[in-house]
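Trainee: Predicted model and sequence below, questions to follow.
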Amino acid sequence: MSSEAASETGALKRRLEEEIRREQELKAEHERVKLAYEMQRDLVFRIRNSFTAVHQFPSEILSEFFCAYMEACQDTPLAQLLLTHVCSTWRNVALNNTPKLWTTLYLSLGKDITFTDHPSMITDWLNRSGSLPLTLRIKVPRPKAHFYIRQIDAKGFPVEIAEALVPFSFRVQSLSLHGPPKSLMPILILSNPSFPILEEMELIIHRQPWNTKWPKKQQITSFGKSPLRKLKLHYTGDILSKDYSVFGPPSSTSPS
């Protein structure tokens, strides 16, 4: 290679290195401008949004709206969380100014095991309800596959949920439990008096072909002191053998 060609090649390499450096600088600048633009766009959106009518309402009025919304969505698990994702104003009112919004907790455990993985979410949820009476609805759907429920049980499901609920049991006024006996047992055999203001209870126990029998001599101890006014008890198969003695000694709360 002639000296002239070598010189030209060297110049091209230096030019390429310079252009690559410039490209990297422009890319970094582009990312900075893009981020600045997105932040400015969000700021403009929030300012414009503050002029909408709903943001002119006092927090007390918004709280009433939220509670009315929950009346219409009481069968929707975790419906409260939708309100916290609309805007910062709604999130603040929902989390900090509407304790009634968090008095109902509906867990459909077969569909969403988020609370099992992070039981502290239950504590955070119910703490927002202040000192108000609580309504708990816990459902463990009948699995379609044999291995599914065993896989869950292997994790101690839902013992973590029972442990998270125990500190709030003294405020539970309405309780609905629906599932196989093995999954519900951690909640059914708590020490007395676990639910001292419980007035309404629905207990639906369904059989599983590999776990149909209620443990021998095991009594349901969680509700011995509960002032129940309404009790719905339903079971399939011979899980309880139609023997109400599982509820303990006869009392005003025994089913008739």
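Mentor: Received it, and whenever you're ready, just let me know what you need. Residues are numbered from 1 along each chain as shown.
Trainee: what sits against the closest residue to S63 other than its chain neighbours?
Mentor: Spatial nearest neighbour of S63, chain neighbours left out: T98 (4.2 Å); criterion: CB to CB, 6 or more residues apart in numbering. For every residue, glycine as well, the C-beta is placed using N, CA and C. For T98, the contacting residues are L62, S63, F66, C67, by CB atoms under 8 Å, 6 or more residues apart in numbering.
Trainee: Could you tell me which of those belong to helices?
Mentor: L62, S63, F66, C67 (DSSP state H).
Trainee: Neighbour-wise, give me the winner out of those.
Mentor: L62 (20 neighbours; other CB atoms under 10 Å).
Trainee: Does the residue nearest to it when sequence neighbours are not counted lie in a helix or a strand, and which?
Mentor: Counting by CB to CB, 6+ apart, L62 lies nearest to V93, which is 4.7 Å off, once chain neighbours are set aside. Per DSSP states H and E: V93 is located in helix 88-96.
Trainee: Tell me which other helices or strands that helix touches.
Mentor: The contact analysis (3 or more CB pairs under 8 Å, 6 or more residues apart in numbering; DSSP states H and E) places helix 88-96 against helix 59-72, helix 80-83.
Trainee: Other residues contacting it?
Mentor: R46, H55, S59, L62, S63, F66, Q80, L83, T84, H85, L101, R128.
Trainee: if you set the cut-off to 6 Å instead, what comes out?
Mentor: H55, S59, L62, F66, L83, T84, L101 (CB atoms under 6 Å, 6 or more residues apart in numbering).
Trainee: Filter the residues you listed down to the buried ones, PyMOL style.
Mentor: PyMOL command restricting the contacts of helix 88-96 to the buried ones, with burial defined by 16 or more other CB atoms under 10 Å:
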select buried, resi 62+66+83+101
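Trainee: for the protein, which strand is longest?
Mentor: strand 172-179 (DSSP state E).
Trainee: count of residues packed around E163?
Mentor: 13.
Trainee: just F57 next, same as before
Mentor: For F57, using other CB under 10 Å, the count is 14.
Trainee: Need the contacts of T98 in JSON lines (columns: distance to L233).
Mentor: Shown next, in JSON lines, are those (distance: CB to CB, whole Å):
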{"residue": "L62", "distance to L233": "40"}
{"residue": "S63", "distance to L233": "36"}
{"residue": "F66", "distance to L233": "34"}
{"residue": "C67", "distance to L233": "31"}
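Trainee: which one of those sits closest to M121?
Mentor: F66 (19.3 Å; CB to CB).
Trainee: which residues in this protein form helices?
Mentor: Counting by DSSP H, the helices of the chain are 3-49, 59-72, 80-83, 88-96, 114-117, 120-127, 146-153, 159-165, 181-188.
Trainee: which strands and helices sit next to the longest one?
Mentor: The elements that helix 3-49 packs onto, with contact taken as 3 or more CB pairs under 6 Å, 6 or more residues apart in numbering; DSSP states H and E, do not include any helix or strand.
Trainee: Domain parsing of this structure, as residue ranges.
Mentor: What the record gives for the chain is the domain set 1-51, 103-247, from automatic domain parsing.
Trainee: The closest residue in space to I204 that isn't next to it in sequence: neighbouring residues, count only.
Mentor: Closest residue to I204 apart from its sequence neighbours, by CB to CB, 6+ apart: H178 at 4.3 Å. Other residues near H178 come to 20 when the count uses other CB under 10 Å.
Trainee: what's across from L105 in the sheet?
Mentor: With beta bridges defined as DSSP bridges, L105 has these partners: L136.
Trainee: And the helices of the chain, which one averages the lowest pLDDT?
Mentor: Mean pLDDT is lowest for helix 146-153 among the helices of the chain, at a mean of 44.
Trainee: What residues does R128 make contact with?
Mentor: Going by CB under 6 Å, 6+ apart, R128 touches W102.
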